[in-house]
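Trainee: Quick check, what structure comes out for this input:
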Amino acid sequence: MSDYAITASAPGGPETFRRTEIATPEPGPGQIRLRQTAVGLNFIDAYHRSGTYPWPQPADLIVGSEGAGVVEALGAGVTGLALGDRVAYTQPLGAYASVRLIGADRVVPIPDGVSDAVAATLMLKGLTAHYLIHDCHPAQAGETVLVHAAAGGVGLLLGQWLAAKGVTAIGTAGGAQKGALAAGHGYAHVIDYDSADFAAEVTRLTEGRGVAAVYDGVGARTWRGSMQALAMRGTYVCFGQASGPITDFAFSDLAPKSARATRPSLFHFIADPAELRRRAAELFAAVADGTLRSEPHQTLPLDQAARAHADLEARRTTGATVLIP
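Mentor: This is a model prediction of the structure:
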């Protein structure tokens, strides 16, 4: 069977995706060729496909930010890797393909006991969870924090990791089913933000104190309530915009709580290969010791990327989704 990628020729909806045959590429210096076995699905993929993030013209776009596979060929100068090694990665673009080239310094080994499917859906989401709670607001035992989209891929990891650190995590999710899923992944309280005022509920649950931090991957829909839910001198961390970008924020919105706000990007926290390896090692160690459970909740063929995107944007998914080339 020939190699292929799922491509889009112009920004648009999921229907823009096409299966495109590609030549099997040869790695250049410092690169490897990776035969992909699993690809993770993330909201950033939809941002790239839709044109929310800058579109790289004139080339057709191959979206996808995380994956796993087997090293199939080594470029000149590559050391520390061998043919047949299982590795995983997260990159801004290029994952929706049966095979790809990638810098050897951008992949990490998959430890024994971790499947390719789990590794492929852990790299972007798991490393995101790692830097959020270790760097953006280093969560401390005894604190209370709020996590939006608690039943999503990042949200389920955050709930477990925060609970293991002794942090009381309040999650928001849409509907009873998603709420129950989040409650089973470390959240002390889950608020259905489809039917309740989450800011008022947080105020009630914290007896008026508010939360030390809000980790928000939703954006436009949740940011104002998040400001209300913060404790004095709390931290608002906006790491995504699943409901659309925040367009009406002003610095004066921070003043009532003397709050801090940050809009980080994972790729700034793993640009250095050594930092990437350190974070990945800590992430996989948390999986190995049982701190994190991360089995994919949905599995689809890569050919069905359009369906996967439609389900993701319609909020029909929970946890992680893996696409199989």
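
Trainee: can you tell me how far the residue most central in space within the chain sits from Ala8?
Mentor: Central residue of the chain (Cα atoms, centre = their mean): Lys125, 3.0 Å from the mean position. Noted for Lys125: a distance of 22 Å to Ala8, by Cβ to Cβ, to the nearest Å. Placement of C-beta: from N, CA and C, glycine included.

Trainee: Same question for Asp194.
Mentor: Per Cβ to Cβ, Asp194 is found 31 Å from Ala8.

Trainee: of those two, who's got more company?
Mentor: Taking neighbours as other Cβ atoms under 10 Å, Asp194 and Ala8 compare with Ala8 leading, 25 against 14.

Trainee: pLDDT score assigned to the more buried one?
Mentor: For Ala8, the model assigns a pLDDT of 94.

Trainee: where does the protein have low pLDDT?
Mentor: Applying pLDDT under 70 to the chain flags residues 1, 57-58.

Trainee: Break it down into its domains, please.
Mentor: According to automatic domain parsing, the chain comprises the domains 4-123+270-324, 141-263.

Trainee: Could you work out the end-to-end span of the last one for me?
Mentor: Spelled out, that is domain 141-263. One end of domain 141-263 to the other measures 24 Å (Cα to Cα, to the nearest Å).

Trainee: chain center to that domain: distance?
Mentor: 16 Å (Cα atoms, centre = their mean, to the nearest Å).

Trainee: And stretch 139-150, by the same measure?
Mentor: 17 Å.

Trainee: Let me know how buried the residue nearest to Ala95 when sequence neighbours are not counted is, in neighbour terms.
Mentor: Distances taken as Cβ to Cβ, 6 or more residues apart in numbering place Gly64 nearest to Ala95, at 2.6 Å, with adjacent residues excluded. A total of 31 residues lie near Gly64 under the criterion other Cβ under 10 Å.

Trainee: do the same with Val145
Mentor: 26.

Trainee: do the one 10 residues further on as well
Mentor: Burial of Gly155, expressed as a neighbour count using other Cβ under 10 Å, amounts to 30.

Trainee: if you skip the residues just before and after it, what's nearest to it?
Mentor: Ala149 (4.8 Å).

Trainee: for Glu282, same thing?
Mentor: With sequence-adjacent residues excluded and distances taken as Cβ to Cβ, 6+ apart, Glu282 is closest to His130, at 6.5 Å.

Trainee: ok, the one you found touching Phe284?
Mentor: No: using Cβ atoms under 8 Å, His130 makes no contact with Phe284, being 10.7 Å away.

Trainee: Surely Ala231 and Ser258 touch.
Mentor: No: with contact taken as Cβ under 8 Å, Ala231 and Ser258 are classed as non-touching, separated by 10.1 Å.

Trainee: So which of the two has more stuff around it?
Mentor: Ala231 (20 against 10).

Trainee: you'd agree the more buried one is in a strand?
Mentor: Yes: assigned with DSSP: H, G, I helix; E, B strand; the rest coil, Ala231 falls within a strand.

Trainee: which residues does it contact?
Mentor: Ala231 makes contacts with Thr206, Arg209, Gly210, Val211, Ala212, Lys257, as judged by Cβ atoms under 8 Å, 6 or more residues apart in numbering.

Trainee: give me every residue that touches the last one.
Mentor: Under the criterion of Cβ under 8 Å, 6+ apart, the contact partners of Lys257 comprise Gly210, Met227, Leu230, Ala231, Met232, Arg233, Gly234.

Trainee: Which residue, other than its chain neighbours, is closest to it?
Mentor: In space, Lys257 is closest to Leu230, 4.9 Å off (Cβ to Cβ, 6+ apart).

Trainee: For that neighbour, grab the count of nearby residues.
Mentor: Applying other Cβ under 10 Å, I find that Leu230 has 25 neighbouring residues.

Trainee: mind listing the helices for the stretch 201-325 of the chain?
Mentor: Using DSSP state H, counting those that start in this stretch, the helices of the stretch 201-325 of the chain run over residues 223-229, 273-288, 305-313.

Trainee: The shortest one packs against which elements?
Mentor: The contact analysis (3 or more Cβ pairs under 8 Å, 6 or more residues apart in numbering; DSSP states H and E) places helix 223-229 against helix 198-205, strand 211-216, strand 230-238.

Trainee: Give me whichever of those is most buried.
Mentor: Of all those, strand 211-216 has the most neighbours on average by mean count of other Cβ atoms under 10 Å, namely a mean of 27.

Trainee: quick one: strands adjacent to that strand?
Mentor: Paired with strand 211-216 in the same sheet, following DSSP bridges, are strand 144-147 (parallel), strand 230-238 (parallel).

Trainee: Mind listing what's buried along the first one?
Mentor: What it means is strand 144-147. By 16 or more other Cβ atoms under 10 Å, the buried positions in strand 144-147 come out as Thr144, Val145, Leu146, Val147.

Trainee: quick check, nearest of these to Lys165?
Mentor: Minimum distance to Lys165 across the buried residues of strand 144-147 is 10.2 Å, recorded for Val145 (Cβ to Cβ).

Trainee: ok, and the closest non-adjacent residue to the closest one?
Mentor: If you skip the residues right next to it in sequence, Val145 has Ala213 as its closest partner in space, 4.6 Å away by Cβ to Cβ, 6+ apart.
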